[in-house]
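Chemist: Sequence and predicted structure are below.
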Amino acid sequence: MHELARQVRFSVNPFLPEQSEGANSFASMPSGEGLAIFFELSVELAGEIDHATGFVVNVAEIDSKVRQHAVPVFISKVKENFCMAEHISLFTVTEILHLSWNQLEGIFVPARLNKLSLKLNPFRKIMICSEDSDMVFFSEKFEFAATHKLWNNDFTDVQNRKIFGKCANPTGHGHNYVVEVTVKMPVSGKDFSIGDFEKIVDSELISLIDHKNLNLDIEYFKSVIATVENIAVFAWEKLVKKFPASAKGGLHCVTVWETDKTSCSYYGC
Ligand code: NI
């Protein structure tokens, strides 16, 4: 089984009676004219490789079908909300994703639609999936800078340097970390506030670790090695108190990137 993901980007101007088509630009089919709303819809399909083509599904077919079946849903719902001067809430965005899902489900057979996610800005996304279809997943990335040193006092200096390499530098070293926090909630949930969510992540996590020496300033890391794996666990333990994980939703996942090349996701177990 393979999971193939494709991003389809487009722009919608809610005030135009007809959307104009551009060429193969960044997000130009439709092109939006003037100040338009830019969308990035990510489609994940699960399936087996077709041995004649080497594809799960030809990405040109994904683009074409998404533009034919899902983009009109976005155009129509966005225009409808603008015409009625109605706020497009996360609930409405989820509704648009579900309507798009209904349009796309079953048209990539034998591959099946696995996930549909929409980027709300470069750091935020909202996602629905086949596995947990009653839930919607909201993710946001946050940045923090910190110093750490990878060291185990039970090892000799030689062992520490051999295992942790440059990361065992006695005075530490820094990273610009990124942490992505994903919460899930029932699709009918209307009371989620991005602003409140961000304030909680900031007060419960980011403010504790940003511009800090993790080994010296954070009690937890005096007995736990501050690897990206353990930072993900630390972040989970801080945040799950505010977003208790249950069947009804709450904290779903924490992913920490130490560099572009190294990240770790933790789901609480
Ligand atoms: Ni490091």
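Modeler: Cool, the structure landed.
Chemist: Pass me the low-pLDDT residue ranges in the protein, would you?
Modeler: 189 (pLDDT under 70).
Chemist: What is the longest helix of it by residue count?
Modeler: Longest helix in the chain by number of residues (criterion: DSSP state H): helix 90-104.
Chemist: Mind listing what's buried along it?
Modeler: 90-94, 96-101, 103-104 (16 or more other C-beta atoms under 10 Å). C-beta here means a position set from N, CA and C on the backbone, and glycine is covered the same way.
Chemist: tell me the angle of whichever helix or strand comes after that helix relative to helix 90-104?
Modeler: Of the helices and strands lying after helix 90-104 in sequence (DSSP states H and E), the nearest is strand 112-121. Counting by axes from the mean of the first three to the mean of the last three C-alpha atoms, to 10 degrees, strand 112-121 points 150 degrees away from the direction of helix 90-104.
Chemist: Strand 112-121 pairs with which strands, and in what direction?
Modeler: When pairs are called by DSSP bridges, strand 112-121 turns out to pair with strand 37-47 (antiparallel), strand 124-129 (antiparallel).
Chemist: got those strands as JSON lines, with distance to residue 138 and mean neighbour count columns?
Modeler: Shown next, in JSON lines, are the strands paired with strand 112-121 (distance: least, C-beta to C-beta, whole Å; neighbours: other C-beta atoms under 10 Å):
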{"stretch": "strand 37-47", "distance to residue 138": "14", "mean neighbour count": "18"}
{"stretch": "strand 124-129", "distance to residue 138": "5", "mean neighbour count": "19"}
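Chemist: Which residues does the longest helix of the chain contact?
Modeler: Here helix 90-104 makes contact (C-beta atoms under 8 Å, 6 or more residues apart in numbering) with 41, 43, 65-66, 69-70, 73-74, 77-78, 81, 86, 113, 116-118, 120, 126-128, 136, 138, 187-190, 192, 194.
Chemist: Can you select the buried ones among the residues you listed for me in PyMOL?
Modeler: In PyMOL syntax, the buried subset of the contacts of helix 90-104 is picked out as below (16+ other C-beta under 10 Å):
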select buried, resi 41+43+65+66+70+73+74+77+78+81+113+116+117+118+120+126+127+128+136+138+187+189+192
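Chemist: wait, is residue 55 part of a strand?
Modeler: No: read with DSSP: H, G, I helix; E, B strand; the rest coil, residue 55 is coil and lies in no strand.
Chemist: ok, and the closest non-adjacent residue to it?
Modeler: Closest residue to residue 55 apart from its sequence neighbours, by C-beta to C-beta, 6 or more residues apart in numbering: residue 49 at 7.0 Å.
Chemist: Is that neighbour in contact with residue 1, as I believe?
Modeler: No: with contact defined as C-beta atoms under 8 Å, residue 49 does not count as touching residue 1 (9.7 Å).
Chemist: Between those two, tell me which one has more neighbours.
Modeler: Per other C-beta atoms under 10 Å, whichever of residue 49 and residue 1 has more neighbours is residue 49, with 12 against 9.
Chemist: three-state assignment of that one?
Modeler: Relying on three-state DSSP, one would call residue 49 coil.
Chemist: what residues are up against it?
Modeler: Neighbouring residues of residue 49 by C-beta under 8 Å, 6+ apart: 2, 55, 56.
Chemist: What separation is there between the residue lying closest to the first one once chain neighbours are set aside and residue 1?
Modeler: By that I understand residue 2. The shortest distance from residue 2 to any non-neighbouring residue, by C-beta to C-beta, 6+ apart, is to residue 56 (5.0 Å). Residue 56 sits 9 Å away from residue 1 when distances are taken as C-beta to C-beta, to the nearest Å.
Chemist: and what of residue 65?
Modeler: 21 Å.
Chemist: repeat for residue 170
Modeler: With the distance defined as C-beta to C-beta, residue 170 ends up 47 Å from residue 1.
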